[in-house]
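J.: Quick one, structure for this:
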Amino acid sequence: MFSSTASRAASAPGTVATAGAAPVLEVCGLRAAINQRFAIAGVDFTLGRGETMAIIGRNGSGKSSLIRLLSGLASPDAGTVRIAGHASTDWNKTARHLGLVQQSKEMPAHTTVGEYVLQQIDLRRARRDSAPRLLALAGLSDFLKHDVEALSGGNRRKLHILCALAHGPDLLLADEPCAGLDAQFQSEVMDYLNELKQQLGMSMVIATHQLDEVEALADLVGVMEGGRLVRLERRNRERGADGAASDTLALDFADRTLVARQWTRLASLLRALPYVLDATREGERVALRCRSGDAALLSRTVGALAEHEIHLRNIKWAEPGMKELIQGRGMGGR
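T.: Numbering: from 1, shown residues only. The predicted structure follows:
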C-alpha cells in the first residue's frame, strides 16, 4: 500500500533550531473577544525553529481559544499571529507550514488505519510516500488493516498527530493531546511528541496539564489565566562540550552519609548511565547533568540506582522555578 520513501519532514532526523533563523511563530499584541464575558488579551511571544512551548492553565483559562487563534481557525480583533512569516488567517500561505491537533476528532466508521492515513495525506496534498516513516515513528506500522474505531485511546491520539504531520509542517499546534487518556497512554503520546521534537526538529505549541512532561519537552512555558498570558518563562538549558542541550537533576539520598562515604563508587555508577553527561557533589546531594529531551529521566534514574540497592529520598529537576511556575498557578485541571 505504501512505498518506503520518506517526506521532507520525515527524512530530516536530528534537525535542530538554527541560530539567527527567522521565528516559526510570532505573536504580537494579540486580542480577541471570545464572547461577551471572556476575551484573549495581551499575548506576546516568539517561537524559534525546533522549540516547544507548553501552555498551561485551569479549565476556562483560554488555552483552547488561544490555540484556535494561533491556528487561524479564529481571527483576532487586534494584534498579529504570523506563521513562517505569514498571517495565520491566510491559509493559502500557512497551510503547508502548520499541523493542528484538536482536543477531539470523530473517526470515520469502517475505515482502516491505512485507508485513513492515505485520505488525510491526500486532503493535505502531501506525498503518499511520507506514510511509512510517519507510521513507524508513531509505532503504528502494524496497524494498517485495523479499523480506526477499534484503536486504543493512545493510538488514536498518535494517529491524529501523525496525520497532522503528513505534509511536513514547520509548526505543530496540539490542544490537550493527552486529554481523556489513562497514565499509560499519556506516557505513550508524550513519548511520541518527544520523539518528534528530537527527530524532526519541529516547533510545537502544546496546551497541556501533564507537569512532568512539560518539564521534559518545553523550552518555553506560558501560564494562561483569565484569557491572559500572565507568565512566560524561557527554560535556560545548559549545553555540554558537544553542544547538546542538558537538564540537571538534584538527587537526595535516603542514606544522608552515602555521598561522603561512597562518592567514588556512586559517581562512577551515575556517570556510566547512557544519558548522563556529568555528576557532581553538592554536600549531601548530587547534581546529575543529563541529555535533555527524555521525559523519563526521573524514573530511569530511580530504577538504575535501585538495582544497586541505592534509594533516594527525593529527586527533582534542579532548574529553579520550573516546578514552581507550573504549580504556582493552582493547576486544578485542564
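J.: Count the neighbours of the residue nearest to Gly227 when sequence neighbours are not counted for me.
T.: Once flanking residues are discounted, Gly227 sits nearest to Gly62: 4.2 Å by CB to CB, 6 or more residues apart in numbering. Any C-beta I mention is one placed from the backbone N, CA and C, and that applies to glycine too. Per other CB atoms under 10 Å, the neighbour tally for Gly62 reads 25.
J.: With Leu144 instead?
T.: The local packing of Leu144 (other CB under 10 Å) involves 17 other residues.
J.: Test my guess that the residue nearest to Gly227 contacts Phe38.
T.: Yes. When contacts are counted by CB atoms under 8 Å, Gly62 is listed as touching Phe38 (7.4 Å).
J.: residues shared between the contacts of these two?
T.: With contacts taken as CB atoms under 8 Å, 6 or more residues apart in numbering, Gly62 and Phe38 have Gly227 as neighbours in common.
J.: hang on, the earlier thing: in contact with the residue nearest to Gly227, which residues?
T.: Contacts of Gly62 (CB under 8 Å, 6+ apart): 34, 38, 40, 224, 226-228.
J.: What's the ChimeraX line that selects buried ones from the residues you listed?
T.: Listed next is the ChimeraX selection for buried residues among the contacts of Gly62, using 16 or more other CB atoms under 10 Å:
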select :34,40,224,227,228
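J.: out of the contacts of Gly62, which are inside strands?
T.: Using DSSP state E, the subset of the contacts of Gly62 located in strands is 40, 224, 228.
J.: In a markdown table, list those residues along with distance to Leu298 and pLDDT.
T.: Supplementary listing: the ones in strands among the contacts of Gly62 in a markdown table, determined by distance: CB to CB, whole Å; pLDDT from 0 to 100:
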| residue | distance to Leu298 | pLDDT |
| --- | --- | --- |
| Ile40 | 34 | 95 |
| Met224 | 26 | 89 |
| Arg228 | 31 | 92 |
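J.: if we can go back for a sec, with the contacts of Gly62 in mind, which one is nearest to Gln186?
T.: Lowest distance from Gln186 to those (CB to CB) belongs to Met224, with 20.5 Å.
J.: Tell me how far the closest one lies from Asp147.
T.: 37 Å (CB to CB, to the nearest Å).
J.: Out of all residues in the chain, which is the farthest from the middle?
T.: Distance from the C-alpha centroid of the chain peaks at Arg261, with 39.9 Å (CA atoms, centre = their mean).
J.: The strand or helix carrying it: what's the following helix or strand?
T.: Per DSSP states H and E: Arg261 is located in helix 258-271. Next along the chain after helix 258-271, taking DSSP H and E as the criterion, comes strand 276-282.
J.: Now do the spatially closest residue to Ala109 that is not a sequence neighbour: how many residues are near it, please.
T.: Spatial nearest neighbour of Ala109, chain neighbours left out: Glu149 (6.3 Å); criterion: CB to CB, 6+ apart. For Glu149, the count of nearby residues is 12 (other CB under 10 Å).
J.: which residues touch Glu149?
T.: By CB under 8 Å, 6+ apart, Glu149 lies in contact with 107, 109, 111.
J.: what does Val286 give?
T.: Shown in contact with Val286 (CB under 8 Å, 6+ apart): 250-251, 253, 259, 266-267, 270, 279-280.
J.: again, but for His86
T.: 93-94, 97 are the contacts of His86 under CB under 8 Å, 6+ apart.
J.: Recalculate using a threshold of 7 Å.
T.: 93-94 (CB atoms under 7 Å, 6 or more residues apart in numbering).
J.: which residues does it form a beta bridge with?
T.: Beta-bridge pairing for His86 (DSSP bridges): Ile83.
J.: where's it relative to Thr52, distance?
T.: 21 Å.
J.: ok, and for the helix holding Arg261, which residues are buried?
T.: Those would be 258-259, 266-267, 269-270, for helix 258-271 by 16+ other CB under 10 Å.
J.: same check, this time on stretch 55-64
T.: 55-58, 61-64.
J.: now do stretch 123-132
T.: Buried residues in stretch 123-132, counted by 16+ other CB under 10 Å: 124, 126-128, 130-132.
J.: So Ala166: helix, strand or coil?
T.: Three-state assignment for Ala166 (DSSP: H, G, I helix; E, B strand; the rest coil): coil.
J.: Quick one: residues contacting it.
T.: So, once contact is read as CB under 7 Å, 6+ apart, Ala166 ends up touching 120-121, 124, 126, 130, 134.
J.: at 10 Å instead, please
T.: The contact partners of Ala166, by CB atoms under 10 Å, 6 or more residues apart in numbering, come to 7, 9-10, 99, 117-118, 120-128, 130-131, 134.
J.: distance of it from Arg31?
T.: Distance from Ala166 to Arg31, counting by CB to CB: 33 Å.
J.: Quick one: find the helix or strand in the chain with the lowest mean pLDDT.
T.: Of all helical and strand segments in the chain, the minimum by mean pLDDT, DSSP states H and E falls on strand 238-239, at a mean of 50.
J.: How about His97, nearest residue that isn't a chain neighbour?
T.: Ala84 (4.2 Å).
J.: Now the one you found: phi and psi?
T.: With angles defined as degrees, to the nearest 10, Ala84 sits at phi 50, psi 40.
J.: my guess is it meets Glu26, correct?
T.: Yes. Contact status for Ala84 versus Glu26: in contact at 9.5 Å, counting by CB atoms under 10 Å.
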